[in-house]
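>>> give the three-dimensional model of this entry:
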Amino acid sequence: MSFSKSAVSAAALCLTLAATGVYAAQAAAPETVIGCITMEKKANAALEANQQSPNYASARQQVNGARTFCGHGQYKMGVEHFAKALDLLGAS
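The predicted structure follows:
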């Protein structure tokens, strides 16, 4: 009986930690207009700091695309494109 309680407790703890990780990831860049604004600031700072990067042009295209998506209310796509730009610049 004690093993069963331990197993159930461990499973509950794992589920709680996994859910917390998902919520934390979403909180980092919510797929809303606020998320777009936050990610755009990060991406612009990364572009400014990494002008010599070989991926600069691709990152700039991602940022421009992200602005378009965010401007049309497609916040999820916008945040994803900003994240891709940060990744290209090694600033994610």
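
>>> helices and strands of the protein: which one bottoms out on pLDDT?
helix 2-28 (a mean of 50; mean pLDDT, DSSP states H and E).

>>> moving along the chain from that helix, name the first helix or strand you hit.
Going down the chain from helix 2-28, the next helix or strand is helix 33-49, by DSSP states H and E.

>>> tell me the helices and strands packed up against that following helix.
Secondary-structure packing of helix 33-49 (3 or more C-beta pairs under 8 Å, 6 or more residues apart in numbering; DSSP states H and E): helix 56-71, helix 75-88. No exception for glycine: its C-beta is placed from N, CA and C like everyone else's.

>>> again, 6 Å this time
Counting contacts by 3 or more C-beta pairs under 6 Å, 6 or more residues apart in numbering; DSSP states H and E, helix 33-49 packs against helix 75-88.

>>> for the helix it packs on, which positions count as buried?
For helix 75-88, the neighbour count (16 or more other C-beta atoms under 10 Å) marks 75, 77-86, 88 as buried.

>>> average pLDDT across that helix?
The predicted model assigns helix 75-88 a mean pLDDT of 96.

>>> residues touching it, excluding its own?
Outside helix 75-88, the residues within contact range by C-beta atoms under 6 Å, 6 or more residues apart in numbering are 29, 31-32, 35-36, 39, 43, 46, 55, 58-59, 62-63, 65-66, 69-70, 92.
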